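A.B. asks: Would you be able to build a 3D model of this:
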Amino acid sequence: MASRNDYVKLHFIVFLWGFSAILGKLVSIPAVEMIVWRALFSFAGMGLVILATRGSFVVSTRDLIRLLLIGAVVAFHWIAFFGAARVSNVSVSLIGFATNSLWAAVLEPWFNRTRIKKFEIALGLVVIFGLYIIFSFDFQYKLGLLMGIAAGFTSALFSIFNSRAVKHLQPFTITFYEMIGVFLATLLFLPVYQYFWATDHVLRLIPTGMDLLYIAILAGVCSVYAYSVAVELMKRISVFVIQLSLNLEPVYGIIMATIIFGSAEKMGWNFYVGTCIIMLAVGAYPVLKKRVAAARERAGTK
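C.D. replies: Prediction:
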């Protein structure tokens, strides 16, 4: 059962992840090249933590393959998340990402072979309506928002996979091999990225000194620490509650981005109206879930 300290940890790492979008925006090399370095620093740092704490690197071949594949999902998540901030801005990336809890509400029952609740479908439609308001006007960051939504989808997906892995593997071990998976998947993606998207088909793999500092903070604080804590918390907190808490990430991130980047983060009225609708739908989920559960309990006692 989760304690108050667990929830404090959860909201602290949500704050850190909200700041990660800003750090990613500050790095001068493109997002994909940055992810190569972040993943490299992350699995190296995680390896040092395991050695220092006398943890275990031992996993079965089956678990190793699964963790590397989950790492590939994380790689796609990072590419979509940081890429969204580059082609649009931090606010758009974070609002697209805010759909993660509703993705979790749909995906978790599907993977666990349970029924999807009607009110979850209704809330999903409300979120779509909010996105429609944003898209229906002269919104110049459509690609960025779509990439942010993809980041939200993959966030829910790897959280579900991790909630299963943590039942029999140590959080540090899980994070270590997943970061290797991120590194390998991003390396494999580089030729495709270079051919179709890189500027003049040239990779920019050499970071500046400040880039290395920002990436080191991303890797050490937002990956090694935050991912390990998140995976460990999955022993006591459900995937949905974690994903729901992550919806505070846009709130933290947008406030910090507005302070740091100023006018570059200011959007049209339709963006904020659509954002409010999305956030209201997400916030309504736990209330409706509690009422539905109470109604079923009352019906069962009759």
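
A.B. asks: Distance from the chain centre to the worst-scoring helix or strand of the chain on mean pLDDT, please.
C.D. replies: In the chain, the helix or strand scored least confidently by mean pLDDT, DSSP states H and E is helix 239-245, which has a mean of 74. Centre-to-centre, helix 239-245 and its host chain are 11 Å apart (Cα atoms, centre = their mean, to the nearest Å).

A.B. asks: now what about it, what contacts it?
C.D. replies: 10-11, 14, 100-101, 103-105, 108, 155-156, 159-160, 163, 230, 233-234, 282, 285-286 (Cβ atoms under 8 Å, 6 or more residues apart in numbering). (Each C-beta comes from the backbone N, C-alpha and C, glycine too.)

A.B. asks: swap in stretch 211-227?
C.D. replies: Applying Cβ under 8 Å, 6+ apart, the external contacts of stretch 211-227 come out as 13, 16-17, 19-20, 23-24, 26-29, 34, 37-42, 45-46, 49, 175, 178-179, 207.

A.B. asks: For that stretch, list every residue counted as buried.
C.D. replies: Residues 211, 214-215, 217-227 are the ones in stretch 211-227 that count as buried (16 or more other Cβ atoms under 10 Å).

A.B. asks: Point out the least confident one among those residues.
C.D. replies: Lowest pLDDT among the buried residues of stretch 211-227: residue 227, with 85.

A.B. asks: CA-only coordinates of the strand or helix carrying that residue in PDB, if you can.
C.D. replies: Secondary structure assigned from DSSP states H and E places residue 227 in helix 226-233. Extracted C-alpha coordinates of helix 226-233, given in PDB (Å, rounded to 0.1, in the frame of the first residue of the first chain):
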ATOM      1  CA  ALA A 226      13.300   9.700 -11.800                       C
ATOM      2  CA  TYR A 227      12.800   6.500 -13.900                       C
ATOM      3  CA  SER A 228      14.200   4.200 -11.200                       C
ATOM      4  CA  VAL A 229      11.900   5.900  -8.600                       C
ATOM      5  CA  ALA A 230       8.900   5.600 -10.900                       C
ATOM      6  CA  VAL A 231       9.500   2.000 -11.600                       C
ATOM      7  CA  GLU A 232       9.900   1.300  -7.900                       C
ATOM      8  CA  LEU A 233       6.700   3.100  -7.100                       C
END
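
A.B. asks: Pick out the most distant pair among the buried residues of stretch 211-227.
C.D. replies: Greatest spatial distance among the buried residues of stretch 211-227 (Cβ to Cβ): 211 and 227, at 21.1 Å.

A.B. asks: who's in contact with residue 31?
C.D. replies: So residue 31 contacts 24, 78-79, 82-83, 85-86 (Cβ under 8 Å, 6+ apart).

A.B. asks: which SS state does residue 220 fall under?
C.D. replies: helix (DSSP: H, G, I helix; E, B strand; the rest coil).

A.B. asks: Residue ranges in this protein under the pLDDT threshold?
C.D. replies: Scanning the chain for pLDDT under 70 picks out the ranges 135-139, 247, 264-265, 300-302.

A.B. asks: mind listing the strands in it by residue range?
C.D. replies: With DSSP state E as the criterion, the chain has no strands.

A.B. asks: Which helix runs longest in it?
C.D. replies: helix 269-301 (DSSP state H).

A.B. asks: Sweet, I'm off.
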